[in-house]
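Asker: Pasted the sequence and its predicted model underneath.
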Amino acid sequence: MPSRIDLRRLYDTGAQLAPAVHQPQNWPYEVPHDRFEAYMWPPHDVAGQADIPVRYEEKEEEEWELKTYVTCEVLGWKGIWNAEERRRRGNNDLGLSLYYGFPYYGRWIWAAARMLVDKNHVSLTELLEKIAEVRARYGKS
């Protein structure tokens, strides 16, 4: 476990990766050790990690968010995955760029899609074809 000083340095470096205070990266071949540690530290809300400052917004869930929640719950009820697997896939497996770049339920649906492909419930080709079909239905490119 890193010392208190190391955690502060890790937090400060990791906080620079969040969109609210994002600093563009030129992705050199060599990454400083403190930045490497920040990238490798999984972004989630356990283990006493500090969180970045976030502005709270009172809002109603959008329809897609509610449908995502229900879809993920049904996958759990059917025994396809459990809450801990959803949490791990949606938080730890994403990586910092996607974690900070996706909305909350965007991470849930990404985790569900990845899990369905990983566990061979659907093929990646089937998933991509379905995404193309839905985009065409709604006139999205």
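Answerer: Received the coordinates, thanks. Note that this is a predicted model, so its numbers are computed, not measured.

Asker: Quick one: list the elements packing against the helix or strand hosting A38.
Answerer: In this assignment (DSSP states H and E), A38 forms part of helix 33-40. The contact analysis (3 or more CB pairs under 8 Å, 6 or more residues apart in numbering; DSSP states H and E) places helix 33-40 against helix 4-15. Every residue, glycine included, has its C-beta placed from N, CA and C.

Asker: Let me know the next secondary structure element after the helix holding A38.
Answerer: Beyond helix 33-40 in the direction of the C-terminus, DSSP H and E gives the next helix or strand as helix 63-77.

Asker: how about R114, what does it touch?
Answerer: By CB atoms under 8 Å, 6 or more residues apart in numbering, the contact list for R114 reads 89, 93.

Asker: Nearest spatial neighbour of L98, chain-adjacent residues omitted?
Answerer: For L98, ignoring the flanking residues on the chain, the nearest one in space by CB to CB, 6 or more residues apart in numbering is W110 at 7.2 Å.

Asker: what number of residues lie near that neighbour?
Answerer: 18 (other CB atoms under 10 Å).

Asker: which SS state does the residue positioned nearest the centre of the chain fall under?
Answerer: For the chain, the residue nearest the mean C-alpha position is Y99 (3.3 Å; CA atoms, centre = their mean). Secondary structure state of Y99, per DSSP: H, G, I helix; E, B strand; the rest coil, is helix.

Asker: That one is in contact with N91, isn't it?
Answerer: Yes: if you go by CB atoms under 8 Å, Y99 and N91 touch, sitting 6.8 Å apart.
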